[in-house]
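In: whatever this is, show me its structure:
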Amino acid sequence: MEEERGLLAVQGMMEKQDDKFEDIEMELDAINAAMIESGVDLETEEEFQTLSEEELEQASEAQAGNALIQDEELNSSCACLTKKESCS
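Out: Sure thing, here's the model as predicted:
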């Protein structure tokens, strides 16, 4: 009996999730229709393209590498200035 109640509760939650998903889908369809009516090109992926996790990680690593290089250059310049030597 208790198992049946639990099963019914889970089924009820799943139905609610399905209803929410359907509502979201309908809202997205309405937004897309409004955008098409306004002349927005929905086929243009370049403007709305999202980065994959791997691409985001690579971009982050590259940015960190560039920051490290800049820090090293700055430290090198500061060392030259404090020694009062000419650096090239």
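In: now the element after the longest helix along the chain, going C-ward?
Out: In the chain, with assignment by DSSP state H, the single longest helix is helix 2-37. Next in sequence after helix 2-37, counting helices and strands by DSSP states H and E, comes helix 53-83.
In: starting at the chain centroid, how far to that following helix?
Out: 24 Å (CA atoms, centre = their mean, to the nearest Å).
In: mind checking pLDDT for Ile24?
Out: At Ile24, the model reports a pLDDT of 91.
In: burial measure for it, as a count.
Out: 10 (other CB atoms under 10 Å). Where C-beta positions appear, they are placed from N, C-alpha and C, glycine not excepted.
In: so how far is Met13 from it?
Out: The gap separating Ile24 from Met13 is 17 Å, by CB to CB, to the nearest Å.
In: what of Leu28?
Out: For Leu28, the distance to Met13 - CB to CB - is 23 Å.
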